[in-house]
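K.L.:
Just need the structure, nothing else, for what follows:
(3 chains)
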Amino acid sequence: MIERTPVLNLVTHLILLFGLAVAFVPMWLVFTASSLTIQEINAPPISFIPGDQLLVNLTAAWQRAELGTKLLNSLIVALAVATGKILIASLTAFALVYFRFPARMLIFWMIFATLMLPLEVRIVPTYAVAANALAPLQAILDVSGLSALWAYVTGVNLVMEWNLLNSYTGLILPLVATATGTFLFRQFYMTIPPEIVEAARMDGVGPLRFLRDMLIPLSRTNMAALFTIMFIYAWNQYLWPLLITTDRKGYGTAVMELKRLIPTASTTGGGTPEWNVAMAGCLIVMLPPLVIVALMQRYFVRGLIAADK
Amino acid sequence: MADISIRQVYKSYGRTEVVHGVDLDIHDGEFLVILGPSGCGKSTLLRMIAGLEAISAGDILIAAKRVNDLEPRQRGCAMVFQNYALYPHMSVAENIGYALKVAGIAKAERLRRIATVAATVGLGDFLDRLPAHLSGGQRQRVAMARAMIREPQVFLFDEPLSNLDAQLRVQMRIEIRRLHRRLATTSVFVTHDQIEAMTLADRLVVMNGGTIEQVGTPSEVYHRPASRFVGSFIGSPAMNFLAATIARPGIATIRAGHAIAFAETDFTAPPGTQVEIGIRPEDLIVTSPGTPDAIEMQVEFQEELGAGRLVHGRFAEQDFIVQLPAGHKPVASLSLFVLAPAQAVHVFDAQTGRSCRAAACSTGPA
Amino acid sequence: MEHHAQFRTRWLVALLLAPQVLLVFTFFYWPAGAALFWAFTLEQPWGGGNAFVGFDNFTSLFADSFYWASVGRTIVFALASSCLAMGMALVLALFCDRQLRGYAYYRTALIWPYAVAAPAAAVAFRYVFAPEAGVFAGLNAMYPGLWNPAMSGTDAMIMIIIAYSWKFISYNFIFFLAGLQAIPRSLIEAAAMDGSGVLRRMRDIQLPLLTPTVFFLLVINITDSFVDSFGIIDITTEGGPAKATNLMVYKIYFDGFKGLDYSGAAAQSIVLMVLVMALTFVQFRYVERKIHYK
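P.N.:
Just a heads-up that it's a prediction; the model follows:
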């Protein structure tokens, strides 16, 4: 389209450049801060020019927050959650789309309705369940009288306990259920022409073979998209790791450890706040998701838009 | 190779019944075409034969074996779908050979058979391509090859040509016909295109509203339509219909007082019966003005077809079409007088829409 | 969906659904049920389990002025952060969609903040807004006490709103841009043929057609601000100073885990749950309409 609007074009670029500044300046300040000495950083005004202390500060942050262990924990959790979500979402959607059974809509809505129950609104009782993941089962058995029956028959009281606190299972399992992922896969499966499953049936294929030969190869792009957003989601989790890990040394994740690096009156003990080290830690912790987004940008945008529809 | 028996087959989705008790025998080796408008139940019937839809009531037998409860793979049918349903992530060779792979046939044997079938349909050079990189005609051939490689007892075609352009459609039609001559496999072909149906069929089944209207050879269905629906659905331009009353054997009167003669030996409606007279545009003969009982049609406009000329107009407050033979000069007058030969006049009961023919073509098993 | 559903193997369906159903039951529905139970009961001081107290927990909650203060701050936070994040994103998306030179770079650059963990952004902004070292350090040196989120509730609120919105600008931008690109090019061209200029087209064509996206994002932004603000608050202010940033979600955490008032926290959870449900319901209605349009 031929449209000559030089002034407006200039304004457009200015607006967009302002947007870029908003996006980049805070992170640039993090970067410069993490390369300054403690004296430089506490001398106003704030510096936009990096210093030469980057490695020193990175090392200090790495050691002080034991980021080696924490990053490894974060990586394990993020990988497991993302993989688990893909696995569970694809299987659930497969059952919901390709099978005919009575409670189909009920189960669909049951999963979908979990969108209305974010962790933050059920945090205390979810913590209680995590302390003993078998408590719901025990309660059901107690109420239904099956526990009493068991005790009567065997003479042993039925006590089931499965504590998830301070464990990878506890960090991972409650985050794996996924309504958005299931919805994404369901939408994708429904865009595959139904004739494909019919042709496959005519070719003599059963459900599992259909899943393996058709759906999994066809959903590679979807899996990549979901993996990207879910990896970032899991890496950036804060509240749940905070609750479920009392043993921060062994099971703390990188993102929640950030708080320990923030200089406050109690940690500095009246000394000069070490913002340079805190920012170095911040830099390290936010890097992995950024790398993932940089590598998988196409999938990231796609997954994000598809998942929230 | 097998014959197929369809006995009192019904299909309902919840409370909606879409196929109402169909009886049909498909002979071994025949090419049967099911024709009907969209939503008439023809595809549903085909899918019930394939095993893709459950049968609500009745029985389907393939080679004298009841197949109601068999999985599609156990029925010995192969199917060509309207949108081809090629597996998008598999090459042409993998698409064609997939059924054999599932059946556990060794790779060497598989490759040999893929090569043979691919050569038959002219796909030898495209075996490594993905479906996305094929033209519409080539995709159609892959779908055919995929059905052929299994050497099925029955071929099922679900409007396989409707996604092709006109020229390719004619070409594929000929190829399908040629293939059937060579393999002589029982074939059931569903379409809404009457030309496709007329040219391909050994026998034609016309369906409407979930029931069979008529079964017969294309010629029978065209020349002796068993119902008003069949008469109107087959033939282009469409049959003219005129409301009339039987005056005496062999003569019906149109409201305007015109009498129309029909072949009385064929039709046995008692005098006084309300009927609809059907006359195909190509059967009408131009006559001179003033001929007794000639239909005087008000001419509106004309269409030159090359192989003929269509005259559109009105008669008895209805649209009326006459097809003139090639070489006929344009009609210059405002009205045209035409006569219908008695043997070209079709008579349908106004109430039931069925033909008043004494021995109307059977609707049930032949 | 009906045409796809070709298989019927019951045991396989059970097997495929079991993991998700068990997880959803154990970690979503059971805790939600437990929250309900706690909200309507009270633990007895000398043991003996929980006694049913009806709406007492809610009555005392609604009589608590601290709670209403928290609700008020939550609303302020939700509206301010949604407007900020959506407004900026909308302007950026509208101008980015003009697809002038460098369009692809702008687009890429504006997307990435979404990948930054909210707590990491919070740490960053805590530094950027630190009174002694951040952007206001210079001003503070001249006028002591001008800016201090650790002392001033207003400053703290401004800080968490900006820290929270920063990331959501990207999120909204992605959706606005996708929404704009879904508008057929021919419409823009038709408007141009009708003599409508760039800004006029934004107002007359693009904005009206973007209304569904705006509405959808508004609901998402508000819902998320109710729950997702936790990390930001915990890292930057911990609800302070003097509870100035003690939003509903943080109060639940604080009363439940620090105050060990399970019944009170559960009652607050239920209120927040109802709010989220209401918003999600509104969104469902919208999703339904959108499906209709297709």
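K.L.:
drop to CA atoms for contacts and neighbour counts, all remaining ones
P.N.:
Fine.
K.L.:
excluding its backbone neighbours, what's nearest the single nearest residue of chain A relative to chain C?
P.N.:
Residue nearest to chain C within chain A (Cα to the nearest Cα): A:Tyr98, separated by 3.9 Å. Nearest residue to A:Tyr98 in three dimensions, chain neighbours excluded: C:Ala5, at 3.9 Å (Cα to Cα, 6 or more residues apart in numbering or on different chains).
K.L.:
contacting residues around the one you found?
P.N.:
With contacts taken as Cα atoms under 8 Å, 6 or more residues apart in numbering or on different chains, C:Ala5 has the following neighbours: A:Val97, A:Tyr98, A:Phe99, A:Arg100.
K.L.:
low-confidence ranges in chain A?
P.N.:
Chain A contains residues with pLDDT under 70 at A:1, A:44-45, A:264-271, A:306-309.
K.L.:
element containing the residue of chain B most remote from its centre, please.
P.N.:
Here the centre of chain B is the reference, and by Cα atoms, centre = their mean the most remote residue is B:Ala108, at 41.1 Å. Element membership of B:Ala108 [criterion: DSSP states H and E] is helix B:107-120.
K.L.:
Show me what from the stretch 101-250 of chain B comes close to chain A.
P.N.:
Within reach of chain A by Cα under 8 Å from any Cα of the partner chain, the stretch 101-250 of chain B has these residues: B:Val102, B:Ala103.
K.L.:
burial count for B:Gly104?
P.N.:
10 (other Cα atoms under 10 Å in any protein chain shown).
K.L.:
What ranges does the stretch 51-200 of chain B have for its strands?
P.N.:
With DSSP state E, counting those that start in this stretch as the criterion, the stretch 51-200 of chain B has strands at B:57-62, B:65-66, B:77-80, B:154-158, B:186-191.
K.L.:
Name every strand pairing with the second one and say which way it goes.
P.N.:
What that stands for is strand B:65-66. Paired with strand B:65-66 in the same sheet, following DSSP bridges, are strand B:57-62 (antiparallel).
K.L.:
burial measure for A:Val7, as a count.
P.N.:
Counted with other Cα under 10 Å, the neighbours of A:Val7 add up to 8.
K.L.:
cool, the one 3 residues further on as well?
P.N.:
Burial measure for A:Leu10: 11 neighbouring residues, criterion other Cα under 10 Å.
K.L.:
looking at the strands of the stretch 51-200 of chain B, which is buried most?
P.N.:
Most buried of the strands of the stretch 51-200 of chain B, by mean neighbour count (mean count of other Cα atoms under 10 Å in any protein chain shown): strand B:77-80, with a mean of 27.
K.L.:
Which strands or helices does that strand pack on?
P.N.:
Applying 3 or more Cα pairs under 8 Å, 6 or more residues apart in numbering or on different chains; DSSP states H and E, one finds that strand B:77-80 contacts helix A:194-202, helix B:42-50, helix B:136-148, strand B:154-158.
K.L.:
do that again at 6 Å, thanks
P.N.:
Under the contact criterion of 3 or more Cα pairs under 6 Å, 6 or more residues apart in numbering or on different chains; DSSP states H and E, strand B:77-80 touches helix B:136-148, strand B:154-158.
K.L.:
Straight-line length of stretch B:113-126, end to end?
P.N.:
Its start and end residues considered, stretch B:113-126 measures 15 Å (Cα to Cα, to the nearest Å).
K.L.:
Give me the contacts around it.
P.N.:
Residues outside stretch B:113-126 that contact it (Cα atoms under 6 Å, 6 or more residues apart in numbering or on different chains): B:Ala145.
K.L.:
B:Ser5 belongs to a strand?
P.N.:
Yes - under DSSP: H, G, I helix; E, B strand; the rest coil, B:Ser5 falls within a strand.
K.L.:
how close does it sit to chain A?
P.N.:
Distance, B:Ser5 to chain A, by Cα to the nearest Cα, to the nearest Å: 20 Å.
K.L.:
and that residue, what are its bridge partners?
P.N.:
According to DSSP bridges, the partner residues bridging B:Ser5 are B:Asp25, B:Leu61.
K.L.:
so who does B:His192 touch?
P.N.:
B:His192 touches B:Leu35, B:Gly36, B:Pro37, counting by Cα under 6 Å, 6+ apart.
K.L.:
quick one, phi/psi of B:Lys329?
P.N.:
Phi and psi for B:Lys329, reported as degrees, to the nearest 10, are phi -70, psi 150.
K.L.:
Any idea how many residues pack against it?
P.N.:
10.
K.L.:
how far away is the residue nearest to A:Tyr98 from B:Leu52?
P.N.:
Distance from C:Ala5 to B:Leu52, counting by Cα to Cα: 10 Å.
K.L.:
so is C:Ala80 in a helix, a strand, or just coil?
P.N.:
Secondary structure for C:Ala80, judged by three-state DSSP, is helix.
K.L.:
ok, whichever residue of the stretch 1-150 of chain C sits closest to chain B to A:Tyr98 distance?
P.N.:
Nearest to chain B in the stretch 1-150 of chain C, going by Cα to the nearest Cα, is C:Gln6, at a distance of 7.4 Å. According to Cα to Cα, C:Gln6 and A:Tyr98 sit 6 Å apart.
K.L.:
so what's B:Leu100 scoring on pLDDT?
P.N.:
What the model reports for B:Leu100 is a pLDDT of 90.
K.L.:
chain center to stretch C:79-92: distance?
P.N.:
Stretch C:79-92 sits 13 Å away from the centroid of its parent chain (Cα atoms, centre = their mean, to the nearest Å).
K.L.:
and what of stretch A:19-34?
P.N.:
Put simply, stretch A:19-34 sits 24 Å off its chain's centre (Cα atoms, centre = their mean).
K.L.:
and what of stretch B:250-258?
P.N.:
Offset of stretch B:250-258 from its chain centre (Cα atoms, centre = their mean): 32 Å.
K.L.:
In the stretch 1-150 of chain C, where is pLDDT below threshold?
P.N.:
In the stretch 1-150 of chain C (pLDDT under 70), the answer is C:1-2, C:44-49.
K.L.:
let's see 50
P.N.:
Filtered on pLDDT under 50, the stretch 1-150 of chain C yields the residue ranges C:1.
K.L.:
Chain A contacts on that one?
P.N.:
C:1, C:3-8, C:13, C:16-17, C:20, C:23, C:27, C:31-32, C:95, C:115-117, C:120, C:133-135, C:137-138 (Cα under 6 Å from any Cα of the partner chain).
K.L.:
I'd like to know which elements the one helix or strand A:Leu171 maps to is packed against.
P.N.:
Applying DSSP H and E as the criterion places A:Leu171 in helix A:168-176. Judged by 3+ Cα pairs under 6 Å, 6+ apart, the packing partners of helix A:168-176 are helix A:67-98.
K.L.:
Could you identify the helix or strand that succeeds the helix it packs on?
P.N.:
Downstream of helix A:67-98, the first helix or strand assigned by DSSP H and E is helix A:104-112.
K.L.:
angle of that next one against helix A:67-98?
P.N.:
160 degrees (axes from the mean of the first three to the mean of the last three Cα atoms, to 10 degrees).
K.L.:
Tell me the buried residues in helix A:104-112?
P.N.:
For helix A:104-112, the neighbour count (16 or more other Cα atoms under 10 Å in any protein chain shown) marks A:Ile107, A:Phe108, A:Met110, A:Ile111 as buried.
K.L.:
now swap in stretch C:21-33 and tell me
P.N.:
The neighbour-count check on stretch C:21-33 (16+ other Cα under 10 Å) flags C:Val21, C:Leu23, C:Val24, C:Phe25, C:Thr26, C:Phe27, C:Phe28, C:Tyr29, C:Trp30, C:Pro31, C:Ala32 as buried.
K.L.:
show me what contacts the second one?
P.N.:
When you say that, I think you mean C:Leu23. A:Ala177.
K.L.:
Between helix A:104-112 and the host helix or strand of it, find me the angle.
P.N.:
Take DSSP H and E as the rule and C:Leu23 turns out to sit in helix C:10-24. Orientation check (the same axes, to 10 degrees): helix C:10-24 against helix A:104-112 gives 30 degrees.
K.L.:
Give me the buried positions along helix C:10-24.
P.N.:
C:Val13, C:Leu16, C:Leu17, C:Pro19, C:Gln20, C:Val21, C:Leu23, C:Val24.
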